[in-house]
Structures are given as structure tokens and as C-alpha cells.
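> Provided below are the primary sequence and the corresponding predicted coordinates.
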Amino acid sequence: MKIYQKEVKIETKGPYDFIDITDKVNEILKESGIKNGIVSLFSLHNTACIIIQENDETIFKDIEEFFDRILPLNTKYHHNYEGNINATAHIKTNLLSQSLCIPIKDGKLLLGTWQRIIFLELFESRERKVFITIIGE
């Protein structure tokens, strides 16, 4: 069993910045030399997450509008010392996910036809980090 780890830095532009990192993860998988196993991705942040989704602006807009309906910025939040956008970003990451695991088969990520790995910024523009662990043989 082999383990390969790498940290990736991502520059985000602000709330609802959907960044497709699938190609970067594939590049790291190739570096690892692992053919069968699992890739684990972990966002090192409370206000940004990782999802599997189609890379399509229309679904991104639907996600943004959905969250704006269920977590409006003009509501009172207890965690508001950095503003309501920060409070809602924390809640959104709990509804989505800060980590994912994807199987590897024959040296490739086992993703569906339209599935992509998307890093999602929910707060403000920042340098973010994703820690990737690949385990297998």
C-alpha cells in the first residue's frame, strides 16, 4: 500500500467562486503513480468547501440562489463579528462538505460523465488550501 500527499493552493475571487480542480487532482494522481485506491480531498477552511458537480454556470447560479433563499444576509446571526456573509458561509460548508473521497480505478478518478471536483469559496477572496491524500497501489 502506498500513500501520496500534496497540498494545493487556490486563489479565490469571493463568494460563490466555483473553481474546477479536477485537472489538478488528475495531475497529482498521475504524479503519485497509484493505479487503484482512493483520493481524499480536504479543504483546510471553515468557509470554503469541495463538492462534486457538473461544471456549469447555470447550476452554480441555482446553488447561489438556493443558499440566498435559505440563508439570507439580512437575517440576524449570532456568529456575526465578521458580518453575516461569514456566518452564512460557515453554515453552508456544513450543509455541503469540506472533504470528499473518490475511488481510483486503472489510474483514473472514478467520476461520472459530467462529474467534476469543484472548490467552492463561500466567504471572501483568499488563498485557500486543499490537502490531497492518495492511498492505494
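Happy to help now that I have it.

> What segments of this structure are strands?
Here the chain has its strands, by DSSP state E, at 2-11, 17-20, 37-43, 48-53, 99-105, 108-109, 116-121, 127-136.

> okay, those in a markdown table with distance to Asn84 and mean neighbour count next?
For glycine as for every other residue, the C-beta is placed from the backbone atoms N, C-alpha and C. Written out in a markdown table, the entries for the strands of the chain read as follows (distance: least, Cβ to Cβ, whole Å; neighbours: other Cβ atoms under 10 Å):
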| stretch | distance to Asn84 | mean neighbour count |
| --- | --- | --- |
| strand 2-11 | 24 | 13 |
| strand 17-20 | 18 | 18 |
| strand 37-43 | 21 | 19 |
| strand 48-53 | 17 | 19 |
| strand 99-105 | 26 | 15 |
| strand 108-109 | 36 | 14 |
| strand 116-121 | 16 | 23 |
| strand 127-136 | 21 | 17 |
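
> I'd like to know how far Thr12 sits from Leu71.
19 Å (Cβ to Cβ, to the nearest Å).

> When those two are compared, which one has more neighbours?
When Thr12 and Leu71 are compared for neighbours, Thr12 comes out ahead with 21 against 18, by other Cβ atoms under 10 Å.

> could you list every residue that touches that one?
19, 48, 119, 121, 125-128 (Cβ atoms under 8 Å, 6 or more residues apart in numbering).

> let's see it at 7 Å
Under the criterion of Cβ atoms under 7 Å, 6 or more residues apart in numbering, the contact partners of Thr12 comprise 19, 121, 125-126, 128.

> and what of Leu110?
Contacts for Leu110 were tallied using Cβ under 7 Å, 6+ apart; they are 102-104.

> So what would you say the end-to-end distance of stretch 68-75 is?
Distances were taken as Cα to Cα, to the nearest Å; on that basis the terminal residues of stretch 68-75 are 11 Å apart.

> What lies in contact with that stretch?
Outside of stretch 68-75, the residues within contact range by Cβ under 7 Å, 6+ apart are 84-85, 88, 91-92.

> Any buried residues in it, and which?
Applying a neighbour-count criterion of 16 or more other Cβ atoms under 10 Å, the buried positions in stretch 68-75 are Leu71.

> Right, I'll call it a day here.
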